[in-house]
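Undergrad: Kindly return the folded structure for what I paste below:
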Amino acid sequence: MADLDIAAVLFDMDGTLVSSDGAVERAWTSWAAEHGVDAREAIEMAHGSPSEPTVRRLLPHLDEAATMVAVARQLELQYDDLSDVTATAGAHDLLAALDEHHVPWAVVTSADTRLARARLGAAGITPRVLVTTDDIAAGKPDPEGYLTAAELLRVPPGRCLVVEDADVGLVAARAAGAHTAALRGLEGDFRITTLAELIPLVANGR
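TA: All right, here's what the predicted structure looks like:
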């Protein structure tokens, strides 16, 4: 990927490396019913964002203690729901190509460490570098997660390609100064429908 000046790839997790839409929607639907909020609004607001700020936006009237209880309940609903969690199309092939061509990669997710490891494990993906909400002070759209991953990989952010399926993640990537590859019809430096479309970039650049 030398022609593109890309030396590392940073992946979002849910919807990018891991197909977990069903699990995410079930968790937020159940949680919304328990807390008297609109499930569709909750799911839309939660896409790509950490649970805590989403809960705060949905339930602004709660005090701090009640907010943290609501956040813990939302995460609890997600931890064990792995029945249909799989790798996304082309994920394993792209990761194999990155490893073959010695391109370092990392996962940067809006999930906490427990949830991230559970979903990545269900998908058969083991990143050498994983940055979760437990590792940073501010989640997406703040660039801290992507900046942290770039630092851990010892690659300048401007030489990283961020692969995302959510607007908040793309905002974070741009704020970090990274190149972007966007799924789900979103705007990025590269617009892709599956991760396999990035394999030629790896093969041709190294």
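Undergrad: I'd like the mean pLDDT over stretch 186-205, please.
TA: Across stretch 186-205, the average pLDDT comes to 90.
Undergrad: Stretch 177-193: end-to-end distance?
TA: Length of stretch 177-193, first residue to last, CA to CA, to the nearest Å: 23 Å.
Undergrad: next one: stretch 186-195
TA: Termini of stretch 186-195 sit 14 Å apart (CA to CA).
Undergrad: go on, stretch 193-201?
TA: Termini of stretch 193-201 sit 15 Å apart (CA to CA).
Undergrad: what's that stretch in contact with?
TA: Applying CB atoms under 8 Å, 6 or more residues apart in numbering, the contact partners of stretch 193-201 are 1, 4, 6, 9, 16-17, 88-91, 93-94, 97, 161, 163, 181, 183, 190, 192. Heads up, the C-betas are built off the backbone N, CA and C, glycines and all.
Undergrad: Of those, grab the buried ones for ChimeraX.
TA: Entered in ChimeraX, the line below selects the buried ones among the contacts of stretch 193-201, by 16 or more other CB atoms under 10 Å:
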select :1,6,9,16,17,88,90,91,94,97,161,163,181,183,192
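Undergrad: May I ask which helix or strand of this protein has the lowest mean pLDDT?
TA: None of the helices or strands of the chain scores lower by mean pLDDT, DSSP states H and E than helix 199-205, at a mean of 79.
Undergrad: List the buried residues of that helix.
TA: For helix 199-205, the neighbour count (16+ other CB under 10 Å) marks 199, 201-202 as buried.
Undergrad: In a markdown table, list these along with distance to residue 82.
TA: Shown next, in a markdown table, are the buried residues of helix 199-205 (distance: CB to CB, whole Å):
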| residue | distance to residue 82 |
| --- | --- |
| 199 | 27 |
| 201 | 31 |
| 202 | 29 |
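Undergrad: what's the closest of those to residue 157?
TA: The closest of those to residue 157 turns out to be residue 201 (CB to CB; 18.2 Å).
Undergrad: Please, where are all the helices along the protein?
TA: In the chain, the helices defined using DSSP state H lie at 21-35, 39-46, 51-58, 64-79, 91-100, 113-122, 144-153, 167-176, 199-205.
Undergrad: The first one to helix 113-122, inter-axis angle?
TA: Going by axes from the mean of the first three to the mean of the last three CA atoms, to 10 degrees, helix 21-35 is angled at 150 degrees with respect to helix 113-122.
Undergrad: tell me the mean pLDDT over helix 21-35?
TA: 93.
Undergrad: now do the fifth one
TA: When pLDDT is averaged over helix 91-100, the result is 97.
Undergrad: Quick one: end-to-end distance for stretch 31-46.
TA: With CA to CA as the measure, stretch 31-46 spans 12 Å from end to end.
Undergrad: for stretch 122-140, same thing?
TA: 24 Å.
Undergrad: What of stretch 86-97?
TA: Using CA to CA, one end of stretch 86-97 lies 19 Å from the other.
Undergrad: quick one on the thing from earlier: now render the helices of the chain as JSON lines, adding distance to residue 132.
TA: Converted to JSON lines, the helices of the chain look like this (distance: least, CB to CB, whole Å):
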{"stretch": "helix 21-35", "distance to residue 132": "16"}
{"stretch": "helix 39-46", "distance to residue 132": "16"}
{"stretch": "helix 51-58", "distance to residue 132": "12"}
{"stretch": "helix 64-79", "distance to residue 132": "12"}
{"stretch": "helix 91-100", "distance to residue 132": "18"}
{"stretch": "helix 113-122", "distance to residue 132": "5"}
{"stretch": "helix 144-153", "distance to residue 132": "8"}
{"stretch": "helix 167-176", "distance to residue 132": "14"}
{"stretch": "helix 199-205", "distance to residue 132": "25"}
